[in-house]
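>>> sequence-free structure coming up:
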C-alpha cells in the first residue's frame, strides 16, 4: 500500500466518518444543535473537497496507484452513506431516498467489480450522468446537514431536499445506464 499525499487524504476522509457521526451524539451542553449542524457540515464539506483534491493530486503528482483507485470510491461511498443515515435519523431525509442512493452505490460497485474481473471495466466507467448525480448529492447533503435558515431568507432544508430528490432520480437513471451497458456482457459471460 503506497502512502502518499493523495492516499493520506483518502484515509483522513475515512477517519473523519466516526467524528462526523459522533458530532450528533454530543450533549447539548458541549455543542448546541446549531453547532452540531455547522461542525458536521464543515466536516462533510471538507471530505467532499478532499475527494476531489486527492484525485487531482494523484494525477498532478503522478502518484496514482491501484490501491488509491480502490480506496477513493470506498471512502466516498462510506462518507455519503454515513451522512444519509444521519440525515434519516435526524428526520431531514426520507428513508426511501437514502435506500435508493445507498442501494445504487452498492449495486454499481458490485457491477464494476464484476466487469473488471471479466476485463470489461471500461464499459461501466464513470459517466457524465454519474458525475452530475455526485455533484447534486455533494451539494444537497451539506445543505441538509446545516438545516438552519440563513439570515431568515435562505432555507437550506428546502433547497437540499430538492437537490437530494434530483440526486435520487439521477441515481436511478445512472444505475439503469450502467446496467444496460453490462447486460450484453452478462449474456456473453454467464
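Yep, it's here. Model, not experiment: these values are computed from the prediction. Numbering: from 1, shown residues only.
>>> excluding its backbone neighbours, what's nearest the residue most central in space within the chain?
For the chain, residue 80 is the residue whose C-alpha lies nearest the centre (Cα atoms, centre = their mean; 3.6 Å). Of all residues beyond its chain neighbours, the one nearest residue 80 is residue 137 (6.4 Å), with distances taken as Cβ to Cβ, 6 or more residues apart in numbering. In this view, the C-beta of every residue, glycine as well, is placed from N, C-alpha and C.
>>> helix or strand for that neighbour, which one?
Residue 137 is part of helix 128-146 when elements are defined by DSSP states H and E.
>>> chain center to whichever helix or strand the residue nearest to the centre of the chain is part of: distance?
Assigned by DSSP H and E, residue 80 belongs to helix 66-89. On the basis of Cα atoms, centre = their mean, to the nearest Å, helix 66-89 sits 5 Å off its chain's mean C-alpha point.
>>> one more: stretch 40-57?
Centre-to-centre, stretch 40-57 and its host chain are 10 Å apart (Cα atoms, centre = their mean).
>>> list the buried residues for it?
Buried residues in stretch 40-57, counted by 16 or more other Cβ atoms under 10 Å: 40-41, 43-45, 47-48, 50-51, 53-55, 57.
>>> circling back to that earlier point, residue contacts, the residue nearest to residue 80?
Residues in contact with residue 137 (Cβ atoms under 8 Å, 6 or more residues apart in numbering) are 80, 101, 163, 164, 167.
>>> okay, the second one: pLDDT?
Spelled out, that is residue 101. For residue 101, the model assigns a pLDDT of 95.
>>> setting aside sequence-adjacent positions, which residue approaches it most closely?
Using Cβ to Cβ, 6+ apart, the nearest residue to residue 101 is residue 171, at 5.2 Å.
>>> tell me who's in contact with the one you found.
100, 101, 104, 133.
>>> coming back round to it: please narrow the buried residues of stretch 40-57 to those residing in helices.
Among the buried residues of stretch 40-57, the members falling in helices (DSSP state H) are 40-41, 43-45, 47-48, 50-51, 53-55, 57.
>>> between those residues, which is closest to residue 155?
Residue 155 lies nearest to residue 41 out of those, by Cβ to Cβ, at 14.7 Å.
>>> correct me, but the closest one touches residue 148?
No: using Cβ atoms under 8 Å, residue 41 makes no contact with residue 148, being 9.8 Å away.
>>> now do the helix holding residue 137, average pLDDT.
Mean predicted confidence for helix 128-146 is 90.
>>> relative to helix 66-89, how tilted is that helix?
Calculated by axes from the mean of the first three to the mean of the last three Cα atoms, to 10 degrees, helix 128-146 forms an angle of 50 degrees with helix 66-89.
>>> hmm, back to that, what's the most distant pair in the buried residues of stretch 40-57?
Using Cβ to Cβ, the pair of the buried residues of stretch 40-57 lying farthest apart is 40 and 57, separated by 25.2 Å.
>>> relative to residue 157, which of the ones in helices among the buried residues of stretch 40-57 is nearest.
Looking across these and measuring by Cβ to Cβ, the closest to residue 157 is residue 41, at 12.3 Å.
>>> I appreciate the help and will end here.
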